[in-house]
Structure formats: structure tokens, C-alpha cells
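Participant: Dropping the sequence and predicted coords here.
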Amino acid sequence: QVQLVESGGGLVQAGGSLRISCVASGRTFSSVVVGWFRQAPGKEREFVAGITWSGTRTYYADSVKARFTISRVNAKDTVYLQMNSLKPEDTAVYYCAARRGGYSDDPDRYDAWGQGTQVTVSS
């Protein structure tokens, strides 16, 4: 089982940038697909971005495309989410998750989750 720990969340003004990280431990991290999800108060958890184990393919929700960038450094067992041009509607708890097999944007298909990191964007 892979254990995941997110960090880097915080408070930022609209239009600003933030980079959050997800560090893995446990079983081999380089062979898993990693996704970032977010959950705002009163809303369901939603897919934000995903990256294949090789890092060669990335996927984004339409709402964050061209603003967010997902990347990974397997040698550091770390996945990053660079968030630019942040909007108040990006405010949520951000979670990273891992799964073996192919990419998916369905949170139910991920079997390892971090504890989440809060991102708050003020207007």
C-alpha cells in the first residue's frame, strides 16, 4: 500500500499561484497513476488532474485546464500541482490519490489517499 502526504496549501489572493506537493512512501510509487482531487464544503469530491506513472501523459478537468500543471519526480516519490491564476472557486481541500492500472478520473477507482491540504483563494 502506498501512503501519501500532501503539503503546500495555504491562503492566496485571486490571481495568485500556489504549488502543492504529494510525497509517497511504502510500495513502489513509480508504478502508480496519481490524481489530484478537491472537495469544497457541501460539494462532492471532484477530479482536478492526473498523471501516468511515466509522467508522459497528463489529464485535467476543464475548469483548471491551462491554469494548473501536474508533474511528478519518481526519484523523489513526489507529485506536484502547480496552480496559477487561482480563483475563489478553486477554494477546497486538495487530495492526492494513487491507483495501479490505467488513468481514471473516478475517485472510487483510487485506493490510496492522502489526508488533504487546504487551499483558500480570497477575492
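Facilitator: Looks like it came in fine.

Participant: Can you tell me how far the residue nearest to the spatial centre of the chain is from Gln118?
Facilitator: With distances taken as CA atoms, centre = their mean, the chain has Trp36 as the residue nearest its mean C-alpha position (2.3 Å). Distance, Trp36 to Gln118, by CB to CB, to the nearest Å: 14 Å. To be clear about C-beta, it is placed using only N, CA and C from the backbone, and glycine gets the same treatment.

Participant: Quick check: neighbours shared by those two?
Facilitator: Tyr94 (CB atoms under 8 Å, 6 or more residues apart in numbering).

Participant: and stretch 31-41, average pLDDT?
Facilitator: Average pLDDT, stretch 31-41: 93.

Participant: Please disregard the earlier target; I meant stretch 48-57.
Facilitator: 92.

Participant: outside of that stretch, which residues touch it?
Facilitator: 30-38, 58-61, 64, 68-72, 74, 79, 81, 94, 103-105.

Participant: What about these, which are in helices?
Facilitator: In helices, judged by DSSP state H, none of these are found.

Participant: Generate a ChimeraX selection restricted to the buried subset of the residues you listed.
Facilitator: Selection of buried members from these for ChimeraX, criterion 16 or more other CB atoms under 10 Å:
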select :32,33,34,35,36,37,38,59,60,61,64,68,69,70,72,74,79,81,94,103,104,105
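
Participant: Narrow the contacts of stretch 48-57 to those in strands?
Facilitator: 33-38, 58-60, 68-72, 79, 81, 94 (DSSP state E).

Participant: Please work out how many residues are found near the nearest residue to Arg109 once chain neighbours are set aside.
Facilitator: Leaving out its chain neighbours, the residue that sits closest to Arg109 by CB to CB, 6 or more residues apart in numbering is Arg99, at 5.8 Å. Other residues within reach of Arg99, judged by other CB atoms under 10 Å, total 19.

Participant: got it, and Ala24?
Facilitator: Neighbours around Ala24, by other CB under 10 Å: 24.
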